[in-house]
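K.L.:
Build me a structure from this.
(one chain, ligands or ions: 1)
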Amino acid sequence: MKILTMENLKKYTTIRIGGTAAQLYIPESREELMNLLTDLQGEEIRILSGGSNILMNDERVFPHVIYMEQFDRELRHLGDGRFYCGASVRLQKLIQYTNEYGYGGIEYLMSVPGMIGGAVVMNAGRGRKHNQTISDYIVEVEVWQDGQVRKMSKQECQFSHRNSIFKHQNMVILSVVFQFLPEEKELLVEKRKARIEYSKNLQDNSRYNFGSVFCSCNNIAMRMIKRFQFCKKGEISFSKKTSNWLLNKGNGTFREAMTVMNKAERLNRLLGTKAEKEVIIWE
Ligand SMILES: Cc1cc2nc3c(=O)[nH]c(=O)nc-3n(C[C@H](O)[C@H](O)[C@H](O)COP(=O)(O)OP(=O)(O)OC[C@H]3O[C@@H](n4cnc5c(N)ncnc54)[C@H](O)[C@@H]3O)c2cc1C
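P.N.:
Residues are numbered from 1 along each chain as shown. The predicted model follows:
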């Protein structure tokens, strides 16, 4: 296992704002991860996957950070559309793999830069009105908790919009079993292409970002912010192209991002809406 000391985590996040990991562990197998988790029991640990939904305090040193990119990248077709997927697998890999077998369901996540572990924690999906999330296809999730490995049924995972039990309890996701639906391969190719096009046309990837800031917010407030901004000269601003997306020119800081988001929250409140942050904050 690779262990990096005093590693700046900026490059591990899509918004390019990072704190420092006193120790950044990169387990290369499931066994290494399990031994590490056992050794670190009782310590403050943070789990980092694609880093595409985390805003880290860049003034902090986090004692133990585990980077999940390598420990389990296995994908296996178990038959009849059932798939085993290690938590390190990227969403695009899972989609392409299942599509090759003629199964699909989550092609709309083609543009999401996360790993399966992070996507399950966040219950990644389409906007609220579409009511489509990765959990639609989950059969069970294998987790580590307090030294034990166990399998949790979909019901036990308590999925709801951008939410799951994993956001609130100290559990580490190891793998997931999915049940996808049979579909024409050509149609699946079209769906993948359509999502990439959608992302190119409607999502603002001109700067670093973590996708949506709030999982619920007031559309009028967000339109007002898009138009007037709070601080035009700063490194951090809301996107003019994609509502509810925060952009970092490259040198933005945690404090600046929090200030801009808190202002947006206040404006939402003034208009009678409690804006709920989707992004996970590492204070
Ligand atoms: C360009 C862009 C587009 C996006 N589009 C969408 C979208 O369409 N829909 C959507 O829902 N989201 C979207 N997002 C947000 C984000 O990509 C998703 O939430 C993604 O699923 C997060 O996965 P991740 O691997 O990056 O997780 P991370 O950001 O690394 O982690 C998220 C949380 O999960 C925890 N975690 C990660 N892995 C594990 C594990 N194995 N066990 C336990 N805890 C773990 C972390 O500690 C953290 O609390 C977008 C982001 C970007 C940058």
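
K.L.:
Mind jotting down where the strands sit in the stretch 151-283 of the chain?
P.N.:
Counting by DSSP state E, counting those that start in this stretch, the stretch 151-283 of the chain has strands at residues 172-179, 181-182, 214-216, 236-238, 246-248, 276-277, 280-282.

K.L.:
Throw these into CSV and include mean neighbour count, distance to the ligand and mean pLDDT, thanks.
P.N.:
C-betas here are computed from N, CA, C, even on glycine. CSV is the format used below for the strands of the stretch 151-283 of the chain (neighbours: other CB atoms under 10 Å; distance: least, CB to the nearest ligand atom, whole Å; pLDDT from 0 to 100):
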stretch, mean neighbour count, distance to the ligand, mean pLDDT
strand 172-179, 22, 4, 98
strand 181-182, 11, 20, 98
strand 214-216, 19, 9, 91
strand 236-238, 24, 15, 94
strand 246-248, 24, 10, 96
strand 276-277, 16, 12, 92
strand 280-282, 15, 4, 97
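
K.L.:
got the residues of the stretch 1-150 of the chain near the ligand?
P.N.:
Residues of the stretch 1-150 of the chain lying near the ligand by CB under 6 Å from any ligand atom: 14, 47-54, 68, 87, 111-115, 117-119, 121-122, 124-125.

K.L.:
contacting residues around the nearest residue to Asn163 once chain neighbours are set aside?
P.N.:
Among residues not flanking Asn163 along the chain, Asn123 sits closest, at 6.0 Å (CB to CB, 6 or more residues apart in numbering). In this structure, Asn123 makes contact with Thr133, Ile134, Ser135, Phe159, Ser160, His161, Arg162, Asn163, Ser164, judged by CB atoms under 8 Å, 6 or more residues apart in numbering.

K.L.:
so what pLDDT did the fourth one get?
P.N.:
Think Phe159. pLDDT recorded at Phe159 is 98.

K.L.:
Ok, Met110 next?
P.N.:
Note on Met110: pLDDT of 97.

K.L.:
what number of residues lie near it?
P.N.:
19 (other CB atoms under 10 Å).

K.L.:
Quick check, it in contact with Gln92.
P.N.:
Yes - using CB atoms under 8 Å as the test, Met110 is close enough to Gln92 to be in contact (6.1 Å).

K.L.:
Okay, and the residue nearest to Glu28 when sequence neighbours are not counted sits in which element?
P.N.:
Spatial nearest neighbour of Glu28, chain neighbours left out: Gln70 (5.0 Å); criterion: CB to CB, 6+ apart. Under the criterion of DSSP states H and E, Gln70 resides outside all helices and strands.

K.L.:
I'd like to know the phi and psi angles of Gln70, please.
P.N.:
Note on Gln70: backbone dihedrals following degrees, to the nearest 10 are phi -120, psi -10.

K.L.:
Run the chain-centre distance for the lowest-mean-pLDDT helix or strand in the chain.
P.N.:
Using mean pLDDT, DSSP states H and E, the weakest-scoring helix or strand in the chain turns out to be helix 219-228, at a mean of 86. Between the centre of helix 219-228 and the centre of its chain there are 25 Å (CA atoms, centre = their mean, to the nearest Å).

K.L.:
same for it, what does it pack against?
P.N.:
strand 236-238, helix 254-270 (3 or more CB pairs under 8 Å, 6 or more residues apart in numbering; DSSP states H and E).

K.L.:
show me what contacts Pro182?
P.N.:
Gly81, Gly102, Tyr103.

K.L.:
Next one: the second one from the ligand, what distance?
P.N.:
Pointing back at Gly102 there. Per CB to the nearest ligand atom, to the nearest Å, Gly102 is found 24 Å from the ligand.

K.L.:
neighbours around the closest residue to Leu247 other than its chain neighbours, how many?
P.N.:
Leaving aside its sequence neighbours, Leu247 sits nearest to Arg207 (CB to CB, 6+ apart; 3.8 Å). Look at Arg207: counted by other CB under 10 Å, it has 18 neighbours.

K.L.:
What of Ile95?
P.N.:
Neighbours of Ile95 under the rule other CB under 10 Å: 23.
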